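Peer 1: no sequence for this one, just the structure:
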Ligand SMILES: Cc1ncc(COP(=O)(O)O)c(C=O)c1O
């Protein structure tokens, strides 16, 4: 529990987060049937809120879930949550579950999705990892194939990502990259991955299993200002081991340089290009939120 109390907007009402309970018959709880967004707010302002709500709407449409609130109403709900948040800077977790139904898997028994927006402190990545870089592994647990679950759906099903993260924990590493069924790198267990090779900034495409990360998009948009040529391209373990630099991106983590992959030290960490991107990223936050 945070020092100041986390709060939750639940279907229109603000309450202490620990009171925002869910029915054991909610299919979000029973089957992971639901979607979510992780959103950062700085100085009482959500970063890239429109992009997050757009991705939520796409996820909902992809799983045939009718959002019970319009984009405008969701925006309003996020603003209201931030007003009651324990701190000026923090993290929001917006969750939409399929709602209460019977014990069978059929979603037709659920007729009212539940919407929760939790506001809490950010559980920041340890400062030494941010400064010195993360030691990561490539997990043996794979991403699901596109015809199983499209990686662009930010769903409540994270079990294979959790298994990958457990592999990292057991190896004493800070994070795990996951491969897709064809052996190409897809993303991290809870972040996107980039490599820098010369002046090329490369990240796997969604068709290789990457979530369409909001931070990933910000970095792609800023890359040319950092003197880098952005491209979405398939990469394998070999490319990561031989990269000039590698880093991870995510809402909670922001940008994390990678020091080593599977015990191979990378050429530079943090690289000059990474530092430039990281400062452009902070400028974008300052411009939009501070
Ligand atoms: C599997 C996965 N990939 C990538 C990301 C990064 O996405 P974003 O930058 O939108 O937070 C996340 C963040 O939660 C994630 O869970």
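Peer 2: Structure received. All figures in this text were calculated on a predicted structure; none of them were measured in a lab.

Peer 1: In this structure residue 7 contacts residue 19, no?
Peer 2: No: with contacts counted by CB atoms under 8 Å, residue 7 stays clear of residue 19, the gap being 9.5 Å. Any C-beta I mention is one placed from the backbone N, CA and C, and that applies to glycine too.

Peer 1: List the residue ranges of the protein that fall below the pLDDT cut-off.
Peer 2: 1-3 (pLDDT under 70).

Peer 1: Residue 40 contacts residue 46, doesn't it?
Peer 2: Yes: the pair residue 40 / residue 46 is scored as a contact, 7.4 Å apart, by CB under 8 Å.

Peer 1: overlap in contacts of these two?
Peer 2: Common neighbours of residue 40 and residue 46 (criterion: CB atoms under 8 Å, 6 or more residues apart in numbering): residue 92.

Peer 1: now whichever residue of the stretch 1-150 of the chain sits closest to the ligand, what's its secondary structure?
Peer 2: In the stretch 1-150 of the chain, the residue that lies nearest the ligand is residue 38 (4.8 Å; CB to the nearest ligand atom). Three-state call for residue 38 (DSSP: H, G, I helix; E, B strand; the rest coil): strand.

Peer 1: Just to check, it is in contact with residue 91?
Peer 2: Yes: using CB under 8 Å as the test, residue 38 is close enough to residue 91 to be in contact (6.6 Å).

Peer 1: what's the overlap in contacts for the two?
Peer 2: Shared contacts of residue 38 and residue 91 (CB under 8 Å, 6+ apart): 251, 252.

Peer 1: need the residues of the protein near the ligand, please.
Peer 2: Residues of the chain lying close to the ligand (CB under 6 Å from any ligand atom) are 38, 161, 187, 190-192, 211, 213-216, 249-251.

Peer 1: Please repeat the previous calculation with a cut-off of 8 Å.
Peer 2: Within reach of the ligand by CB under 8 Å from any ligand atom, the chain has these residues: 37-38, 52, 55, 151, 154, 158, 161, 187-192, 210-218, 249-252.

Peer 1: Just the buried ones from those, in PyMOL syntax?
Peer 2: A single PyMOL command selects the buried members of the residues of the chain next to the ligand (16 or more other CB atoms under 10 Å):
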select buried, resi 37+38+52+55+151+154+161+187+188+189+190+191+192+210+211+212+213+214+215+216+217+218+249+250+251+252
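
Peer 1: Which residue ranges of the chain form helices?
Peer 2: 27-31, 49-62, 71-84, 127-132, 159-170, 214-222, 237-241, 272-289 (DSSP state H).
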